[in-house]
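Student: Quick one, structure for this:
(one chain, ligands or ions: 1)
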Amino acid sequence: MEHAAASTLFEQLRKRLPLDLPPAPHEALACHSPIDGSLLAQLPISSSEAVVHSVAAAHHAWLHWRSVPAPRRGEVVRVFGEILRAHKPALAQLVTLESGKIIQEGLGEVQEMIDICDFAVGLSRQLHGLTIASERPHHRMMETWHPLGVVGVISAFNFPAAVWAWNTALALVCGNAVVWKPSEKTSLTALACHGLLQQALQRCGIDLPHLHQLVFGRADAGAALVAQPLLRLISATGSTAMGRRVAQAAAPRFLRTLLELGGNNAMIVTPSADLDLAVRAILFSAAGTAGQRCTSLRRLIMHASIADALWSRLQQAYAQITIGHPLDDTTLVGPLIDGDALVKMQQRLQQAHREGGHVSGGEVVDAVHGGVYVRPALVRMPGQTTAVREETFAPILYGMTYTQMDEAIAQHNEVAHGLSSSMFTSDIREAELFLSAQGSDCGIANINIGPSGAEIGGAFGGEKDTGGGRESGSDAWKNYMRRATNTINYGHDLPLAQGIRFDLQ
Ligand code: UN1
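Tutor: Down below sits the predicted model:
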């Protein structure tokens, strides 16, 4: 199917989304589409003074917002969810134009935003604390949860809207203000999300336009944000190198961090696995989103008895992957984000080849003029070499074999990251072992589904070089609040804890 240039499609979207482009004077951020390289717009880069100003204004708005009852805060998020439903097709197209992910995944991304809004609305009536039995007579203990203040959000290009929404929907119902520094590669999606959230605030009669702020720019804009003393939490998604810089800047003043960094996710396929399911799961997890999810499948650890059969089925499946314009319904793999991503992918494939790997795929495909399109690569490796142990943000799947389960699990856990993992098996012993304390060391461990595509209801995040943060569902909301332990004495005496006596004689 023929498509107009991405820049033309963007102009059409401007009629359907609140994309009020601020004037971009001297220092501008050029927003290009990875689909065809066309220039969509220019945005002003936020100066460090602008960052200071944004955080101060957000703090000021927070002073009011923290006293709004949580269910009323939930109402804003509920209305935001409705606005997202109404704008789902347009916002999904913008996500596709800016990140290059296929439209099915763009729609999925907006759905993920809607889902977290629903979750947060329910949560707004469930920010429960505990009551705790006091050791002292006529005393009561309890926990209360209070808003934190200004939350900084740094997000990556590959989920330009959903990861912000996980953070922001929760941060808002928890009574916080948000300052968002999106990836410089997907700032327009951020602008649209910001505009839609402003509509929700207005519709609810909340006159706090500075409750949510945007900061545009590259790494230095993110660094300026982290440096703001009024910030109470920084939630950052992106590379491990970025997370390390954030953590180091945050540590001296004990700024709370929520880090969701890279992954070098694996799947173990055992002799009893349903290979039909496994092939489909591998295809989505490894080639989907052009291998540019932090949860993408990168390492396949196959039992020797099924390895050859599985690998040849994968080769057949990979040969049929349709690569092309991400707005085409038949496309499964769209462009890489930019030329840099291609260079890194090719260098890694060369390294894997030098380390004894047999590479198929990985070649550049002439799908849409001006974009970087590659065939996802399958690399059969003699073992878990250096190349395999590195996370490469590209569609590369390494295949290795094992014979003993303990060896497979050791290999599985032998990498720096610990985000997501999966096992395909029909053997309950193997499945339970993988999920046990001796099994996968990741924040997410799945059986008979791939490592990517998590639902919002669970806590999302991982261990080791993944940063340790948990976002989204379960009790991740606690990251966005301050816990106070309260002890109340309703008696006529003053007993001290631990039975200590401290009386004047
Ligand atoms: C990311 O790539 O940063 O589980 C987030 C998934 C998505 C989120 C990925 N729900 O793959």
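Student: just checking, Phe424 touches Asp274?
Tutor: Yes. Taking CB atoms under 8 Å as the definition, Phe424 is a contact partner of Asp274 at 6.9 Å. Just so you know, the C-beta spots here come from the backbone N, C-alpha and C atoms, and that holds for glycine as well.
Student: Quickly list what's touching both of these two.
Tutor: With contacts defined as CB atoms under 8 Å, 6 or more residues apart in numbering, the residues shared by Phe424 and Asp274 are Asn448.
Student: ok, these two, which is more surrounded?
Tutor: More crowded of Phe424 and Asp274, by other CB atoms under 10 Å: Phe424, with 28 against 14.
Student: Pull the contacting residues for the more buried one.
Tutor: Counting by CB under 8 Å, 6+ apart, Phe424 touches 267-270, 273-275, 277-278, 281, 447-448.
Student: Spell out which parts of the stretch 101-250 of the chain neighbour the ligand.
Tutor: In this structure, the stretch 101-250 of the chain approaches the ligand at residues 112, 156, 158-159, 163, 237, judged by CB under 6 Å from any ligand atom.
Student: Now do the helix or strand containing Gln198: distance to the chain's middle.
Tutor: With elements taken from DSSP states H and E, the one containing Gln198 is helix 187-203. Using CA atoms, centre = their mean, to the nearest Å, the distance from the centre of helix 187-203 to the centre of the chain it belongs to is 19 Å.
Student: other SSEs contacting the helix or strand following that helix?
Tutor: Counting by DSSP H and E, the next helix or strand C-terminal to helix 187-203 is strand 212-214. Packing contacts for strand 212-214, counted by 3 or more CB pairs under 8 Å, 6 or more residues apart in numbering; DSSP states H and E, involve helix 48-65, strand 177-181, helix 187-203.
Student: and with 10 Å instead?
Tutor: Judged by 3 or more CB pairs under 10 Å, 6 or more residues apart in numbering; DSSP states H and E, strand 212-214 is in contact with helix 48-65, strand 150-154, helix 162-173, strand 177-181, helix 187-203.
Student: For the helix or strand following the longest one, buried residues please.
Tutor: Which is helix 48-65. Next helix or strand after helix 48-65 toward the C-terminus (DSSP H and E): helix 70-86. Buried positions in helix 70-86, judged by neighbour count with 16 or more other CB atoms under 10 Å: 70, 73-81, 83-84.
Student: got the angle between helix 70-86 and helix 162-173?
Tutor: Calculated by axes from the mean of the first three to the mean of the last three CA atoms, to 10 degrees, helix 70-86 forms an angle of 150 degrees with helix 162-173.
Student: Next, the angle helix 187-203 makes with helix 70-86.
Tutor: For helix 70-86 against helix 187-203, the angle by the same axes, to 10 degrees is 130 degrees.
Student: Can you dump the C-alpha atoms of helix 70-86 in PDB for me?
Tutor: Extracted as PDB, the C-alpha positions of helix 70-86 are listed here (Å, rounded to 0.1, in the frame of the first residue of the first chain):
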ATOM      1  CA  ALA A  70      -7.600  10.800  46.200                       C
ATOM      2  CA  PRO A  71     -10.900   9.600  44.600                       C
ATOM      3  CA  ARG A  72     -11.300  13.100  43.100                       C
ATOM      4  CA  ARG A  73      -7.800  12.800  41.700                       C
ATOM      5  CA  GLY A  74      -8.900   9.400  40.300                       C
ATOM      6  CA  GLU A  75     -11.700  11.200  38.500                       C
ATOM      7  CA  VAL A  76      -9.200  13.200  36.500                       C
ATOM      8  CA  VAL A  77      -7.400  10.000  35.500                       C
ATOM      9  CA  ARG A  78     -10.800   8.400  34.700                       C
ATOM     10  CA  VAL A  79     -11.600  11.300  32.300                       C
ATOM     11  CA  PHE A  80      -8.100  11.100  30.900                       C
ATOM     12  CA  GLY A  81      -8.700   7.400  30.100                       C
ATOM     13  CA  GLU A  82     -12.000   8.400  28.300                       C
ATOM     14  CA  ILE A  83     -10.100  11.000  26.300                       C
ATOM     15  CA  LEU A  84      -7.500   8.400  25.400                       C
ATOM     16  CA  ARG A  85     -10.300   6.000  24.200                       C
ATOM     17  CA  ALA A  86     -11.600   8.800  22.000                       C
END
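Student: just to revisit the earlier point, okay if I get the helices and strands packed on strand 212-214 as TSV plus mean pLDDT and mean neighbour count?
Tutor: Below are those laid out as TSV (pLDDT from 0 to 100; neighbours: other CB atoms under 10 Å):
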stretch	mean pLDDT	mean neighbour count
helix 48-65	97	19
strand 150-154	98	28
helix 162-173	98	28
strand 177-181	98	28
helix 187-203	98	22
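Student: what's the distance between Met267 and the ligand?
Tutor: 14 Å (CB to the nearest ligand atom, to the nearest Å).
Student: Assign that residue to helix, strand or coil.
Tutor: strand (DSSP: H, G, I helix; E, B strand; the rest coil).
Student: OK, contacts around it?
Tutor: By CB atoms under 10 Å, 6 or more residues apart in numbering, Met267 lies in contact with 273, 278, 281-282, 285-286, 297-302, 397, 412, 420-424, 446, 449-451.
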